[in-house]
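Trainee: Need coordinates for the following:
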Amino acid sequence: MKRKVTKWMAGISSAAMLVSFSALSVPAFAAEYEAMEAEAYAASLTNEKAQTVARYFLDNGFSLEETEEMMGWYLDGQAIIESEQNANSGIATASVNTGKAFYSGTSKASTQHYGTIIIDDPEANMRGSMAITAIFNKDNAMYPNFTNAESGFTALNGYDNGHMYSFDSESAAYNVKTLTNTAGNPLSMCKFPIDSVTVFSNEADLYKAIDFDYSGMNTYAGGNGKSTRFEFHTYALGDFDHNGVVDNADYDYIVDFCILSFDGKFNYTDVAADAAYEVNTLAADANKDGKITIQDAITVGKIVNG
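Mentor: Purely as a prediction, here's the structure:
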């Protein structure tokens, strides 16, 4: 009897161990299966860039379902970029001259617009005031609005001593003393929102409706004597390539900027690539947290694809 009990207990122990082993192995098997499924999906994509992007998403906590959705946006963006470049109408990286102007004469993005002031030579020591004024068209009342320029003002690149003043809806002033910055390339000094832009049919018309005057900036005693020019530009949030349309091409460019080798520079006929870079990287910060990450790409993707 004792022998039978021992064998029976041994049988129960073996069964219990089997159940326990099965309970542990099922999640492990499921995880392994999901990993194989994810890799099979990435490998199924038709080009190497897309495969790299898909693996980045999968390796950084995105589910297969989320990755498939975002890759749908990415592949659509690739098709847009390829179509534009084949038609010689797209904006390419700075190594390629596309012959396009910085401001589109045919399109205007629907997202929030901003203005930014660029200092061309950050080493220059100047101080004073710059004026931003809407050019009022009495025939059709087409003018930008600067009511929120002061409250929405953000200083950039250390120019925290600058102040924006909204005198009224049609004009604003930026008072600043420049720093001695040895960056060498142009730098954005500030950004601020521009409203009432829906009446404009394209980005070029909006830009031309704003007068920028920096004649109030001068060198000063005790400075290094260097002077520089300043530029004023407008941009739409999410419009990384600055073509007046926020679409999946912008999503792709931000993804490529964050995880691939794209340097973020575009070449235009009328604005230097380094100055354009300052403007366009502000546009790429779609979630407005002061840095460009994959979350900005996702924000643009959601804007475009609902």
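Trainee: pLDDT of the strand or helix carrying Tyr214, averaged?
Mentor: Using DSSP states H and E, Tyr214 falls within strand 210-219. For strand 210-219, mean pLDDT is 97.
Trainee: what do you get for stretch 296-306?
Mentor: Across stretch 296-306, the average pLDDT comes to 97.
Trainee: re earlier: can you tell me which helices and strands the strand holding Tyr214 packs against?
Mentor: If you count contacts as 3 or more C-beta pairs under 8 Å, 6 or more residues apart in numbering; DSSP states H and E, strand 210-219 packs onto strand 126-134, strand 230-236. From N, CA and C alone the C-beta is placed, and that goes for glycine too.
Trainee: Counting neighbours, which bits of the first one end up buried?
Mentor: Under the neighbour-count criterion of 16 or more other C-beta atoms under 10 Å, strand 126-134 has 126, 128, 130-134 buried.
Trainee: still on that earlier bit, within the sheet, what are the partner strands of the strand holding Tyr214, with directions?
Mentor: As defined by DSSP bridges, the strand partners of strand 210-219 come to strand 126-134 (antiparallel).
Trainee: Distance from the partner strand to the middle of the chain?
Mentor: 27 Å (C-alpha atoms, centre = their mean, to the nearest Å).
Trainee: Can you check what angle separates that strand from strand 230-236?
Mentor: 40 degrees (axes from the mean of the first three to the mean of the last three C-alpha atoms, to 10 degrees).
Trainee: What average pLDDT does strand 126-134 get?
Mentor: For strand 126-134, mean pLDDT rounds to 96.
Trainee: 6 is where my numbering starts, stick with that
Mentor: In the new count, where the first residue is 6, that last one comes out as strand 131-139.
Trainee: burial count for Lys270?
Mentor: Neighbour count of Lys270, defined by other C-beta atoms under 10 Å: 16.
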